[in-house]
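S.K.: Quick one: sequence plus predicted model below, questions after.
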Amino acid sequence: MTPFALLLALLATGGLVLGDAAFPPAAGANHTHLEITAPCVGGPSVCGEWSAPFYPSPVVADATCIDNHGQNAFREIATGLCVSHPDAVSQAAVNAALLKNGKVFFYSGVDAANTDWPQEDPNLAKSRVWDPVTGAMAIPTPEGGGGGDMFCSANSIMADGRLLVVGGTEWVAPPASDTPPTQPQVLVKGLSQARIYDPATNSWSQAKSMATNRWYPSLYLLGDGRMLAVSGTGDLGDVTTMRTTLEAYTPAGPSPQKSDPFLQPDSWDLETNRLLPLYARMHVLPGGKIYYSGVGALWAPFGEESAVAENFGQYYDPVTRQWRNVGPMLGGSRQHGWSILLPLRPQDDYRTEVVITNGTLNRDLVASNTGEVADFGVAPGGVLVGDFDCCGPVSNPVPRQLIATSNIGRWFSHFTHLPDGTFALTAGGTSDDVLLIGGAQYILTTEVFDPNGTTGGLRGQWGVMASQQVPRAYHSTALLLPDARVLSMGHVPIAVGLFNQVGPAAVELGVVEKRMEIFSPPYLFRGPRPTLKNVPKSAAYDSTFKVQTPQASVVESAVLIRPGSVTHATDFDQRLVELEIVARTGDTLTLKAPPNSTVAPPGAYMLFINKGTVDGAVPSVAQFINIGS
């Protein structure tokens, strides 16, 4: 049964709950919630702590504010605007990114109020910028980014700190003869549009469009400063429009690592061809090869393309422009799971390992708690030694091993780098909440994964942490903040209003979650934090630079973490690179920058220092530093 046929069958049962879209209720109102049966015990120093949910744009009651129904309304503190509801100015964070100024950029998408489409236009994405220090909210100009809808686009930060957004949604009304609509493939097409948000001006500008339109694409910063657009589909209901071209964008202005004189600024160039799933998860490896991990959105969603070698890890060499299969995954392909680079450390010769975990396996509907690690070996000087090919004349697949299982399998969760080298696993549902609308239990309990621990002879150790209050899964996001806390945002279940005329039953879950929550990991409750001062604005590759801290004698590590850019359980920018501590003199640390742009692609990074304690590392508040740019 195709996913759409399954969706129609579910709609036909009439058993799904309708909601009020005028003022959306708390997220997950139609779902059950799940917490780990053996909760964390020991207080914040063991379990961490979640903040209470909050709207990011505070309001106060104001008798002089009257809404369009003649009722008393609220005044937003940051802007002075009168709003009818505490969440009126904010948006659900379907896409989000941490900017180099420490602010959180996010934008929404089609929401649960769209029950009247196509009679009226869908609610298009609106962008916002929130300052986690002051609480101020800003609205970029224009708020919709200019042009088509940014819903289901990809966003990633360029080397100069601006944000590039590619693809999105073109809403196409069903033909008048198709009443009620029975062909959902005409509803959504991809966009070829590319646009840039500039934090310095809080404004959008248009970049040159891609050669192909893409819905559900991926977007990655390469070591030479170009941006690589991958996968996507041109028409949501037509598997023949799955995009096989990979296009590379050369930004206008100086490109810090660009060496090809024939590349023109503000232009897209065909890089290669490869059929990969939507939102394909990829990683730039030390030495420059680009690895597809076998994780993506493996549905078209109204049909699959059988030519996708989804059960094989693959990598692309941009020098030779050749692809290689590097061996099958132990558990098979994963939908809306996670793949992430483990910390790259100079003392380990930048050993390169990719962890793959959670999501649903092989197009199953129930989330898996299993995982594995692909080990590419050491990379002395930042260049991998191994050369892998599972299917050539000499079989040399990438070695893999199973890792310990998480306590609960999660679909559409978030796996966030923490400065102590661990990872926070937050949010998610127990099953695919797109193909089984309303069937998932939403997971509130946080887990932390330590890749250096062991459990039952398997690598890795999972620790149960505190639980958040707001259920989040589909169209939710999470980001590491400069203060080392984790911001959890968004959650808009499938835009079921688009299908309200399909089958005998209309479906509307009525959830557009605009509240935020913040997780403080246990390391923030282990005593005073180290302070970091006098960080230079930039550092060249393979150079040394100095920073100051009164705790220099007890600092056990210094790490760079690239600010995240996340959507659809995909963070296009996450990586952690440890720095060599070359010398300690009084309150001064001398640090060595990464060796090249494939270990740390150029741009802004958060620099943390970790103080050693008997209970574990305690990170500083980060300072931003530009590496290689």
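M.R.: Nice, I can see it. Numbers count the residues shown, from 1 in each chain.
S.K.: Could you use CA atoms for every contact and neighbour count after this?
M.R.: OK.
S.K.: Count the neighbours of residue 65 for me.
M.R.: Each residue near residue 65 was counted by other CA atoms under 10 Å, and the total is 16.
S.K.: Report the contact partners of it.
M.R.: Applying CA atoms under 8 Å, 6 or more residues apart in numbering, we find residue 65 in contact with 72, 73, 74, 75, 82, 83.
S.K.: tell me which element it is part of?
M.R.: According to DSSP states H and E, residue 65 maps onto strand 59-66.
S.K.: Can you point out the buried residues in that strand?
M.R.: Neighbour-count burial for strand 59-66 flags 59, 65, 66 (criterion: 16 or more other CA atoms under 10 Å).
S.K.: closest to residue 411 among these?
M.R.: residue 59 (34.0 Å; CA to CA).
S.K.: so the closest one bridges to which residues?
M.R.: residue 76 (DSSP bridges).
S.K.: Which per-residue confidence value corresponds to it?
M.R.: pLDDT recorded at residue 59 is 74.
S.K.: same check, this time on residue 79
M.R.: Looking at residue 79, its pLDDT stands at 66.
S.K.: ok, residue 365 - contacts?
M.R.: When contacts are counted by CA under 8 Å, 6+ apart, residue 365 touches 431, 432, 435, 436.
S.K.: Any chance of the backbone angles for the second one?
M.R.: Just to be clear, that refers to residue 432. Backbone torsions of residue 432, given as degrees, to the nearest 10, read phi -70, psi 110.
S.K.: Not counting residues beside it along the chain, what's closest to it?
M.R.: Excluding the flanking residues, the one nearest residue 432 by CA to CA, 6 or more residues apart in numbering is residue 365, at 5.2 Å.
S.K.: Next, find the distance separating that neighbour from residue 35.
M.R.: 20 Å (CA to CA, to the nearest Å).
S.K.: can you check residue 62 too?
M.R.: Between residue 62 and residue 35 the computed distance is 39 Å (CA to CA).
S.K.: likewise residue 570?
M.R.: In this view, residue 570 and residue 35 are 24 Å apart by CA to CA.
S.K.: The two: which has the busier surroundings?
M.R.: residue 570 (31 against 16).
S.K.: Surely that one is in contact with residue 279?
M.R.: Yes. Between residue 570 and residue 279 there is a contact at 7.4 Å, judged by CA atoms under 8 Å.
S.K.: In a helix, residue 542, correct?
M.R.: No. Under DSSP: H, G, I helix; E, B strand; the rest coil, residue 542 falls outside any helix and is assigned coil.
S.K.: Now do the contacts for the closest residue in space to it that isn't next to it in sequence.
M.R.: Distance criterion CA to CA, 6+ apart; nearest residue to residue 542, sequence neighbours excluded, is residue 595 at 4.3 Å. Residues near residue 595 by CA under 8 Å, 6+ apart: 381, 382, 541, 542.
S.K.: now these as JSON lines including distance to residue 39, pLDDT and neighbour count?
M.R.: Output for the contacts of residue 595, formatted as JSON lines (distance: CA to CA, whole Å; pLDDT from 0 to 100; neighbours: other CA atoms under 10 Å):
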{"residue": "381", "distance to residue 39": "44", "pLDDT": "95", "neighbour count": "17"}
{"residue": "382", "distance to residue 39": "41", "pLDDT": "95", "neighbour count": "25"}
{"residue": "541", "distance to residue 39": "45", "pLDDT": "98", "neighbour count": "18"}
{"residue": "542", "distance to residue 39": "45", "pLDDT": "97", "neighbour count": "15"}
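S.K.: which among these gets closest to residue 241?
M.R.: Using CA to CA, the contacts of residue 595 come closest to residue 241 at residue 382, 37.6 Å.
S.K.: Name the nearest residue to that closest one, ignoring sequence neighbours.
M.R.: That would be residue 286: by CA to CA, 6+ apart, it lies 5.2 Å from residue 382.
S.K.: That neighbour: how many residues sit nearby?
M.R.: 28.
S.K.: and it, how far is that from residue 398?
M.R.: Distance, residue 286 to residue 398, using CA to CA: 15 Å.
S.K.: can you check residue 433 too?
M.R.: If you measure residue 433 against residue 398 using CA to CA, the figure is 33 Å.
S.K.: try residue 340
M.R.: In terms of CA to CA, residue 340 sits 16 Å off from residue 398.
S.K.: more crowded one of these two?
M.R.: Applying other CA under 10 Å to residue 340 and residue 398 shows that residue 340 carries more neighbours, namely 25 against 22.
S.K.: a strand runs through that one, doesn't it?
M.R.: Yes. The assignment for residue 340 is a strand, going by three-state DSSP.
S.K.: since we're on residue 141, how many residues are nearby?
M.R.: Residues near residue 141, counting by other CA under 10 Å, number 16.
S.K.: Quick check, pLDDT for it.
M.R.: Listed pLDDT for residue 141 reads 95.
S.K.: Run a quick check on it versus residue 202, I expect a contact.
M.R.: Yes. The criterion here is CA under 8 Å, and residue 141 meets it with residue 202 at 6.6 Å.
S.K.: one step back: what's the distance between the strand holding residue 65 and the middle of its chain?
M.R.: Relative to its chain's centre, strand 59-66 lies at 36 Å (CA atoms, centre = their mean, to the nearest Å).
S.K.: Grab the two from the contacts of residue 365 that are most spread out in space.
M.R.: Greatest spacing in these, by CA to CA: 431 and 435 (8.9 Å).
S.K.: out of those two, which sits in the more crowded spot?
M.R.: Comparing residue 431 with residue 435 by other CA under 10 Å, the one with more neighbours is residue 431, at 25 against 19.
S.K.: thinking that one is in contact with residue 410, fair?
M.R.: Yes. Between residue 431 and residue 410 there is a contact under CA under 8 Å: 7.2 Å.
S.K.: which residues do these two both contact?
M.R.: Common neighbours of residue 431 and residue 410 (CA under 8 Å, 6+ apart) are 360, 367.
S.K.: Doesn't the residue nearest to residue 542 lie inside a helix?
M.R.: No. The assignment for residue 595, made by three-state DSSP, is coil rather than a helix.
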